[in-house]
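Participant: Based on what follows, work out the 3D shape:
(one chain, ligands or ions: 1)
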Amino acid sequence: LRGSRILGFGHHQPERILTNDELSTMVDTNDEWIRTRTGIQTRHIAGPDDSVTSMAIEAGRNALADAGVSPSAVGLVIVASTTHQDRAPYTAGRVAAALGMTNGPAPIDINTACSGFEYALALADQSIRVGSADVALVIGSETLSAIADWTDRSTCVLVGDGAGAAVLGATDTPEIGPVSWGSVPHLLDAVRVEGSPGRFNQEGRSIYRWAITEAEGHARKVVEAAGLTMDDIEVFAFHQANLRIIEPLVTALGGESKFVIRDVVESGNTSAASVPLGLSKAWARGDLPEGVPALLFGFGGGFAHAGQVVRT
Ligand code: ACO
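Facilitator: Numbering: from 1, shown residues only. Take a look at the predicted model:
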């Protein structure tokens with residue numbers, strides 16, 4: 001049975017780190033409020049040389065190196081972002097060119113906000129499953145700092161920049177489960193980035209309420225779709241929006257003993273980059289349990305959600 005599996009992870013974050021104390025000199029906030037309401041302690045912010053494209057390229061390069069895969073073997077590149085730089089050419093095309101993929105892989109950009117990486121992973125897995133590609137590079141990359149309103153304390157303290165990537169390869173024993181995905185029509189406008197370059201706006205309370213009441217059921221559906229039970233899952237990798245969303249979700253799913261990604265503490269909310277960034281950082285540190293089922297679940301702007309179980 002043809003399917004796909006993860007061959008390697010990679011990530012990249014800008015050098016500049018913005019602390020809560022620094023933020024409190026920019027807007028009327030403080031470390032205590034940010035920590036207790038969000039769990040965030042620091043975030044990385046893009047400098048003049050960092051962009052969605054440059055970070056996607058670096059994360060992709062690192063993932064290919066980790067996987068030991070040559071750029072010319074990649075048949076599909078998918079980049080998920082809410083902050084794609086240009087409408088044309090695609091970010092995915094720029095990544096392919098910069099990484100020397102002279103074979104001309106299929107380039108796809110997608111934008112389903114914070115669940116973008118899980119959508120990208122699903123498209124890549126399905127493409128490999130049906131034989132349209134043998135190797136795929138899947139990236140989430142964001143410069144939310146570019147669309148943040150740095151005078152609005154209720155949103156600017158949440159955002160961060162960075163990129164995470166995974167390389168998928170074909171296998172006869174599929175290690176990426178079917179995607180379970182969907183959207184919430186009444187929350188369509190709960191996250192907005194309107195105009196150009198856009199301003200990030202969100203109804204924080206409604207999103208928080210949905211996450212606390214509905215996310216658990218959707219996360220359970222992801223595990224059912226994989227034909228597993230919650231007991232089988234060893235790693236939880238949820239969208240890194242807020243520790244005050246992640247912790248109740250972990251508790252509701254009975255996950256106290258699981259390995260839980262909590263990179264929001266260091267990186268803030270990096271939207272489409274948050275799940276691969278958290279996984280790749282844990283992998284690079286040697287912390288991520290290897291060869292075990294991990295539950296990936298993203299949710300956010302749109303209001304879209306998606307998840308799948310993958311073997312790490
Ligand atoms: N510092 C100090 N005070 C603040 C700050 C701040 N940074 N931000 C807001 N406040 C104040 C508010 O003005 C308000 O004061 P008031 O009571 O005098 O009016 C008070 O704190 C409470 O504000 P709330 O907005 O009610 O705070 P809440 O506890 O709901 O937390 C938060 C806000 C953290 C945004 C929360 O709602 C949340 O996490 N929502 C989910 C966000 C999310 O997950 N987004 C994902 C999608 S993002 C994407 O897709 C890119």
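Participant: neighbouring contacts of stretch 202-212?
Facilitator: For stretch 202-212, the surrounding residues in contact (CB atoms under 8 Å, 6 or more residues apart in numbering) are 154-155, 184, 187, 189-192, 241-242, 244-245, 248-249, 299-300, 303. Where you see a C-beta, it was placed from the backbone N, CA and C, and this is true even at glycine.
Participant: Could you write me a PyMOL select line covering just the buried ones among these?
Facilitator: To isolate the buried ones among those in PyMOL, judged by 16 or more other CB atoms under 10 Å, type:
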select buried, resi 155+184+187+190+191+241+242+244+245+249+299+300+303
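Participant: so of the contacts of stretch 202-212, which ones are in helices?
Facilitator: Among the contacts of stretch 202-212, DSSP state H puts 154-155, 244-245, 248-249 in helices.
Participant: Next, format these as JSON lines and append pLDDT and distance to the ligand.
Facilitator: Below are the ones in helices among the contacts of stretch 202-212 laid out as JSON lines (pLDDT from 0 to 100; distance: CB to the nearest ligand atom, whole Å):
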{"residue": "S154", "pLDDT": "94", "distance to the ligand": "4"}
{"residue": "T155", "pLDDT": "95", "distance to the ligand": "7"}
{"residue": "R244", "pLDDT": "96", "distance to the ligand": "6"}
{"residue": "I245", "pLDDT": "97", "distance to the ligand": "6"}
{"residue": "P248", "pLDDT": "96", "distance to the ligand": "11"}
{"residue": "L249", "pLDDT": "97", "distance to the ligand": "11"}
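Participant: Any chance of these in CSV with distance to W283 as columns?
Facilitator: Written out in CSV, the entries for those read as follows (distance: CB to CB, whole Å):
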residue, distance to W283
S154, 33
T155, 30
R244, 26
I245, 23
P248, 26
L249, 22
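Participant: ok, those vs T91, which is closest?
Facilitator: Nearest to T91, judged by CB to CB, of the ones in helices among the contacts of stretch 202-212 is T155 at 23.8 Å.
Participant: wait, what's in contact with that closest one?
Facilitator: Shown in contact with T155 (CB under 8 Å, 6+ apart): 148-149, 200-202, 204.
Participant: And those residues, which of them are buried?
Facilitator: Neighbour counting by 16+ other CB under 10 Å classes 148, 200-202, 204 among the contacts of T155 as buried.
Participant: follow-up on the earlier one: and the ligand, which of the contacts of T155 contact it?
Facilitator: Among the contacts of T155, the ones lying near the ligand by CB under 6 Å from any ligand atom are 202, 204.
Participant: that older thread, could you list which of the buried ones among the contacts of T155 belong to strands?
Facilitator: Under the assignment DSSP state E, the buried ones among the contacts of T155 contribute 200-202 to strands.
Participant: The ligand contacts on this protein?
Facilitator: Within the chain, the residues that sit near the ligand (CB under 6 Å from any ligand atom) are 29, 33-34, 37-38, 82, 113-114, 153-154, 157, 191, 202, 204-205, 207-208, 241-242, 245, 269, 271, 300-301.
Participant: give me the element the closest residue to A124 other than its chain neighbours is part of.
Facilitator: Using CB to CB, 6 or more residues apart in numbering and skipping the chain neighbours, the partner closest in space to A124 is A136 (3.8 Å). Assessed by DSSP states H and E, A136 sits inside strand 135-143.
Participant: Would you mind writing the CA trace of that strand as PDB?
Facilitator: What follows is strand 135-143, C-alpha atoms only, in PDB (Å, rounded to 0.1, in the frame of the first residue of the first chain):
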ATOM      1  CA  VAL A 135       9.500  13.100  -2.600                       C
ATOM      2  CA  ALA A 136       7.900  16.300  -1.300                       C
ATOM      3  CA  LEU A 137       9.200  19.300   0.600                       C
ATOM      4  CA  VAL A 138       6.500  20.800   2.800                       C
ATOM      5  CA  ILE A 139       7.100  24.200   4.500                       C
ATOM      6  CA  GLY A 140       5.300  26.600   6.800                       C
ATOM      7  CA  SER A 141       6.900  30.100   6.900                       C
ATOM      8  CA  GLU A 142       5.600  33.300   8.400                       C
ATOM      9  CA  THR A 143       6.500  36.900   9.100                       C
END
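Participant: same for that strand, what does it pack against?
Facilitator: Using 3 or more CB pairs under 8 Å, 6 or more residues apart in numbering; DSSP states H and E, the elements in contact with strand 135-143 are helix 52-67, strand 76-80, helix 91-98, helix 116-129, strand 161-171, helix 274-285.
Participant: Three-state assignment for I108, please.
Facilitator: strand (DSSP: H, G, I helix; E, B strand; the rest coil).
Participant: Quickly list what it is bridged to.
Facilitator: I108 has these beta-bridge partners by DSSP bridges: I78.
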